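> below is the sequence, then the predicted model.
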Amino acid sequence: MASASERSMSESEKPLLQVEKLVKRFPVRGGVLGRARAFVHAVDGVSFTLRAGETLGIVGESGCGKSTLARMIVGLIQPDTGMIRLRDRRVSGLSPRQMRPFRREIQFVFQDPYASLNPRLRAGTIVGEALENFAGLSGRELTDRVATLFARVGLHPAQMDKYPHEFSGGQRQRLGIARGLAVGPSLIVADEPVSALDVSVQAQVINLMMDLQQEFGLAYLFIAHDLAVVQHISHRVAVMYLGRIVELASQRSLFSAPLHPYTEALLNSVPLPDPATRSGTQVLAGEVPSPIRPPPGCHFHTRCPLAEARCRTEIPPMTETRPGHFVSCHVRAAANTSP
């Protein structure tokens, strides 16, 4: 199967999803009265767009804000500031009742397929709930539709009467995909959807998602730690560090010619298949700073081998160094931007 980067995308398409300067902070409470004593800066000014039928991969270390970003986009939590638009309609800040018409457009696939499924409901009921709530289906029509969804994601319709604990991990994730697919969404936000699965099962689920994308024109916001998976499924990739996007580019451009020092470090950290081969690169020094007290200026300057004086005080803007390739780095932006 061809990789996602080889599937054609129309650059003139209007974005399906627009995210503008999202900020989310979580209070750290203490004392007798439980007042906020500090704030965790989970997401700090994130902006990007996503076209219909496109996959945007989000990568970064644990704690960089990927999952918080995903939950804001699907409306599970609200941003402090910033805006989310779906088909040019604002969806951030809406009440649950106002958000209901948009629920069919955006669906979520969780990291833990078992924890996201009600253990007391049969598999067919889990998938059929969405069809009852949004499509008004019932009786034989509902059963037939659920059976069709089961078959489409690689499950047997006879398994509709089973409970979640009777499925394997890969089957449970297929069940979660079927539930998200039931209402005909335009966008699926997948938060580490294969990280809990065996490697062989990961490949099956990823290929299923890519087939469904081609068949239904789905857009994916795909969050993962595994760079090989992200490279295979994504059209574009955004790299996050401590709540900010530091590089955004096409899959091909980012993996072949990364610009941000943090992106380079991530790619160099991937184990090589030949133990006798050494990459010759240095491991990043230091630890990830606390999101409660992130460094001023560029958040990465405390670990960056290229850091200059202004990196410690000025936030580097996202600069387009070549068509479609953006980087937030004073040094690399200046060295790679055409005059």
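In hand now; what should we look at?
> low pLDDT regions in the stretch 101-250 of the chain?
Within the stretch 101-250 of the chain, the set of residues satisfying pLDDT under 70 is empty.
> stretch 287-305: end-to-end distance?
Taking CA to CA, to the nearest Å as the measure, stretch 287-305 stretches 14 Å from start to finish.
> and the longest helix for the protein?
Longest helix in the chain, counting residues (DSSP state H): helix 199-216.
> on contacts alone, who are the packing partners of that helix?
In this structure, helix 199-216 packs against helix 169-181, strand 219-223, helix 227-233, with contacts taken as 3 or more CB pairs under 8 Å, 6 or more residues apart in numbering; DSSP states H and E. Bear in mind the C-beta positions are built from the backbone N, C-alpha and C, glycine included.
> could you redo the last one with a cut-off of 7 Å?
helix 169-181, helix 227-233 (3 or more CB pairs under 7 Å, 6 or more residues apart in numbering; DSSP states H and E).
> what's in contact with the longest one?
Here helix 169-181 makes contact (CB atoms under 7 Å, 6 or more residues apart in numbering) with 107-110, 113-114, 116-117, 123, 126-127, 130, 149-150, 153-155, 164, 167, 188, 193, 196-197, 201, 204-205, 208, 212.
> among these, which are in helices?
Using DSSP H, the contacts of helix 169-181 in helices are 123, 126, 127, 130, 149, 150, 201, 204, 205, 208, 212.
> ok, how many other residues are close to the fifth one?
The one in question is residue 149. 24 (other CB atoms under 10 Å).
> the last one too?
One way to gauge burial is a neighbour count; for residue 212, by other CB under 10 Å, it gives 19.
> can you show me the strands along the protein?
17-30, 35-50, 55-59, 81-86, 89-90, 106-109, 187-191, 219-223, 236-241, 244-250, 319-322, 325-327 (DSSP state E).
> I'd say residue 137 and residue 131 touch.
Yes. The pair residue 137 / residue 131 is scored as a contact, 4.5 Å apart, by CB atoms under 7 Å.
> which neighbours do these two have in common?
Listed as contacting both residue 137 and residue 131 by CB under 7 Å, 6+ apart are residue 145.
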